[in-house]
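Undergrad: got a predicted model here, sequence first, then my questions.
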Amino acid sequence: GPDPDVLAIARRLKTAVKHKILVLSGKGGVGKSTVAAQLSLALSANHSLDVGLLDVDVCGPSAPQMLGVSDEEVRMSNSGWSPVYVEENLGVMSIGFMLPTKDDAIIWRGVRKTGLIKQFLRDVDWGELDYLIVDAPPGTSDEHISLVQMLAESNVDGALIVTTPQEVSLIDVRKEINFCRKSGTRVLGVVENMAGFVCQHCQGCTDIFFPSSGGAERMCKEMDVPYLGKIPLDPSISRAGELGRSVFQEEGNAASPGVGALRKLVA
Ligand code: ADP
């Protein structure tokens, strides 16, 4: 029969959390956490929806920093671990909160990592949510695979995949899409991040990466998955991430059509 942990996770998340979205990437450093954090901020803005951000990126948990709560600690209650609240309607739970100091590397063995991911899925007390955004470990690592397996009975809406334009990044995204297909996870779409750089002086857009932006769109056509748009390299996105703020609330962020497209998609 089904794994008792998988059932326990489903009891916690299946109906209490209306929508569950995994944010995935083939590689690290492509902007997966940025998209997950900004998506959570956008969905919860104006107190419209109850949102949770679950950061189980064991390689580099950055949600606390990106939501401006890196000095907070999680607490235990009778009903599980309490998330850290950025706003009344935006909670975050991150492996980053479990580290002794910000600069400690995670050198746990694989078993402990998957164990912790399982605990996070099963024991965090979100209450009722409209959206749970899951910032997943990059690639198709063991941790990543067990994350998807543990959510098998929880009615996950699907995966949002973040990539950069280069072929080296797209190769891993194809693997990721195939993995989603095999595991029965719907691909909600692919976002191309770091797609060119918009010069703040002349407003011209320069492609930084070879072969140039647009690779993700072609790949989406080939693989028959939705293409959601592109996000240029933009100092305001980096700044918002470092300061733990919403990119939508900062001035001069009109140059992020991809983030806008993303928000429209899930709103
Ligand atoms: P990942 O989660 O895939 O490892 P991150 O979201 O942590 O990647 O992004 C890596 C770094 O790149 C961060 O410092 C982030 O602020 C920056 N970054 C991501 N996307 C953009 C962008 N479109 N413009 C500018 N900086 C970006």
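TA: Sure, I can see it. Being a predicted model, the structure only gives us computed values, none of them experimental.
Undergrad: let's verify the nearest residue to residue 214 once chain neighbours are set aside: helix, strand, or coil?
TA: Nearest non-adjacent residue to residue 214, counting by CB to CB, 6 or more residues apart in numbering: residue 165, 6.9 Å away. From N, CA and C alone the C-beta is placed, and that goes for glycine too. Classification of residue 165 using DSSP: H, G, I helix; E, B strand; the rest coil returns coil.
Undergrad: quick one: residue 165 and residue 194 touch, right?
TA: Yes. Using CB atoms under 8 Å, residue 165 is in contact with residue 194, at 7.0 Å.
Undergrad: shared neighbours, these two?
TA: Contact criterion CB atoms under 8 Å, 6 or more residues apart in numbering; residues shared by residue 165 and residue 194: residue 209.
Undergrad: thinking again about what came up before, from residue 190, how far out is the residue nearest to residue 214?
TA: 11 Å (CB to CB, to the nearest Å).
Undergrad: what touches both of those two?
TA: With CB under 8 Å, 6+ apart as the test, residue 165 and residue 190 both reach residue 216.
Undergrad: the longest strand belonging to the chain: what's the following helix or strand?
TA: For the chain, the strand with the greatest residue count under DSSP state E is strand 187-198. Per DSSP states H and E, the first helix or strand lying C-terminal to strand 187-198 is strand 205-206.
Undergrad: what comes up buried for the helix or strand that that following strand is followed by?
TA: Where DSSP H and E defines the elements, the next helix or strand beyond strand 205-206 is helix 215-223. Neighbour counts over helix 215-223 (16 or more other CB atoms under 10 Å) mark 215, 216, 217, 219, 220 as buried.
Undergrad: cool, and stretch 169-176?
TA: 169, 170, 172, 173, 176.
Undergrad: tally of neighbours for residue 61?
TA: 22 (other CB atoms under 10 Å).
Undergrad: wait, residue 113 sits on residue 144?
TA: No. Between residue 113 and residue 144 there is no contact under CB under 8 Å: 10.3 Å.
Undergrad: the more surrounded of the two?
TA: Counted by other CB under 10 Å, residue 113 and residue 144 do not tie: residue 144 has more neighbours, with 23 against 20.
Undergrad: leaving out chain neighbours, which residue sits closest to that one?
TA: Distance criterion CB to CB, 6+ apart; nearest residue to residue 144, sequence neighbours excluded, is residue 137 at 4.7 Å.
Undergrad: wait, the one you found touches residue 56, no?
TA: Yes. When contacts are counted by CB under 8 Å, residue 137 is listed as touching residue 56 (6.5 Å).
Undergrad: so what sits against both of these two?
TA: Jointly contacting residue 137 and residue 56 under the rule CB under 8 Å, 6+ apart are 117, 143, 147.
Undergrad: let me see the contact set for the second one.
TA: By CB under 8 Å, 6+ apart, the contact set of residue 143 is 56, 58, 110, 113, 114, 117, 137.
Undergrad: model confidence for it, exactly?
TA: Here the pLDDT value assigned to residue 143 is 87.
Undergrad: is the host helix or strand of residue 172 up against the ligand anywhere?
TA: Taking DSSP H and E as the definition, one finds residue 172 inside helix 167-183. No. Among the residues of helix 167-183, none lie within reach of the ligand under CB under 6 Å from any ligand atom; the closest is 10.1 Å away.
Undergrad: can you tell me the element the residue nearest to residue 246 when sequence neighbours are not counted falls in?
TA: Closest residue to residue 246 apart from its sequence neighbours, by CB to CB, 6+ apart: residue 41 at 3.9 Å. According to DSSP H and E, residue 41 maps onto helix 32-44.
Undergrad: and for residue 30?
TA: Following DSSP H and E, there is no helix or strand that holds residue 30.
Undergrad: okay, now the closest residue in space to residue 193 that isn't next to it in sequence: neighbour count?
TA: Spatial nearest neighbour of residue 193, excluding adjacent residues (CB to CB, 6+ apart): residue 31 at 3.8 Å. By other CB under 10 Å, 23 other residues sit near residue 31.
Undergrad: can you name the residues that contact residue 31?
TA: Contacts of residue 31 (CB under 8 Å, 6+ apart): 25, 162, 164, 193, 194, 231.
Undergrad: ok, and of those, which contact the ligand?
TA: 25, 193, 194, 231.
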